[in-house]
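K.L.:
Can you look at this prediction? I've put the sequence above it.
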Amino acid sequence: MNGPHIIRTCEPLHCCDEVWEAAYLRFETPEEEVAKFVKRLNSLGAAAWPRDAKIVDIFCGRGNGLIALQRLGFTNLVGVDLSERLLQQFQGHGTLYVADCRALPMESDSCDIVIVQGGLHHLPLLPDDLRKTLQEVRRVLRPGGRLVAVEPWLTPFLRFVHALCRVPLLRRAWKHLDALATMIDRERETYENWLNSPQSILECMDRELRCEQRTFAFGKMNYVGVKS
């Protein structure tokens, strides 16, 4: 395969926050992110998934989550993101869609697993956009299919990290912290809206899917929901 196979189903998102992107790349290398995703996916049950399962990674960006799935042996992979520029950076197998996750381009009851890692908290309107996205996820999943989601959550650990981010001396001394603080600053409106809406978020998720696993630790919600 010579580069990614990209299908455009909507107009791509052309504006890109270059400062956020630069901080993202400083925060961890692509290889570090792939290794993190491999470990995370295994902890969320990937070892038991059929290797030919149709897996859709939404908000997939440059596709490091897809690379992690590829390394785990999965062969039927789909990525969805609004940024064609980011999708073009993916170097692996699978089909990529320039598409809005509130209107997924897959047929109903056609997918086994939908994954989102750090994308839902970028939705501009809560709970409306989250509800639309989850309804689309439910539509495309086969009965018994799973949504696997990992998103920031306001745990005591994350409150502590936020406090560290407000100390300029620490940011200057710890480049990893400075990168994180920069990303938070650039996405603050949607980020804080997400963190401040726990009840409506959980209600939306429970309305569309049956919760199989949900944990809150180290500033993250790890969630697995099943389509009944």
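P.N.:
That came through, no problem.
K.L.:
How far does the lengthiest strand in the chain sit from its chain's centre?
P.N.:
Of all segments of type strand in the chain, defined using DSSP state E, the longest is strand 141-152. Centroid separation for strand 141-152 versus its chain: 11 Å, with C-alpha atoms, centre = their mean, to the nearest Å.
K.L.:
Kindly state the beta-bridge partners for the residue nearest the centre of the chain.
P.N.:
With distances taken as C-alpha atoms, centre = their mean, Gln117 lies nearest the centre of the chain, 2.4 Å away. For Gln117, the beta-bridge partners are Val150 (DSSP bridges).
K.L.:
ok, it - contacts?
P.N.:
By C-beta atoms under 8 Å, 6 or more residues apart in numbering, the contact set of Gln117 is Phe37, Arg40, Asp57, Phe59, Gly65, Ala149, Val150. All C-beta spots, glycine's among them, are computed from the backbone N, C-alpha and C.
K.L.:
rewinding a little: touching the longest strand of the chain from outside, list them.
P.N.:
With C-beta under 8 Å, 6+ apart as the test, strand 141-152 has contacts from 40-41, 44-45, 109-121, 134, 137, 158, 191, 194-195, 205, 209, 212, 219-228.
K.L.:
Which strands or helices does the one helix or strand in the chain whose mean pLDDT sits lowest pack on?
P.N.:
For the chain, using mean pLDDT, DSSP states H and E, the weakest element among its helices and strands is strand 5-8, scoring a mean of 88. Applying 3 or more C-beta pairs under 8 Å, 6 or more residues apart in numbering; DSSP states H and E, we find strand 5-8 packed against helix 84-87, strand 95-98.
K.L.:
pLDDT averaged over the longest strand of the chain, what's the number?
P.N.:
The pLDDT scores in strand 141-152 average 98.
K.L.:
ditto for stretch 21-39
P.N.:
95.
K.L.:
who touches it?
P.N.:
Stretch 21-39 is contacted from outside by 62, 64-65, 67-68, 71-72, 117, 175-176, 178-180, 182-183, 186, using C-beta under 8 Å, 6+ apart.
K.L.:
Okay, and which of those residues map to strands?
P.N.:
Using DSSP E, the contacts of stretch 21-39 in strands are Gln117.
K.L.:
ok, Leu158 - contacts?
P.N.:
Counting by C-beta under 8 Å, 6+ apart, Leu158 has contacts Pro152, Leu195, Phe218, Gly219.
K.L.:
One more pass at 6 Å, please.
P.N.:
Residues near Leu158 by C-beta atoms under 6 Å, 6 or more residues apart in numbering: Gly219.
K.L.:
does it belong to a helix or a strand, and which?
P.N.:
helix 156-165 (DSSP states H and E).
K.L.:
Please identify the buried residues of that helix?
P.N.:
For helix 156-165, burial by neighbour count (16 or more other C-beta atoms under 10 Å) applies to Leu158, Val161, Cys165.
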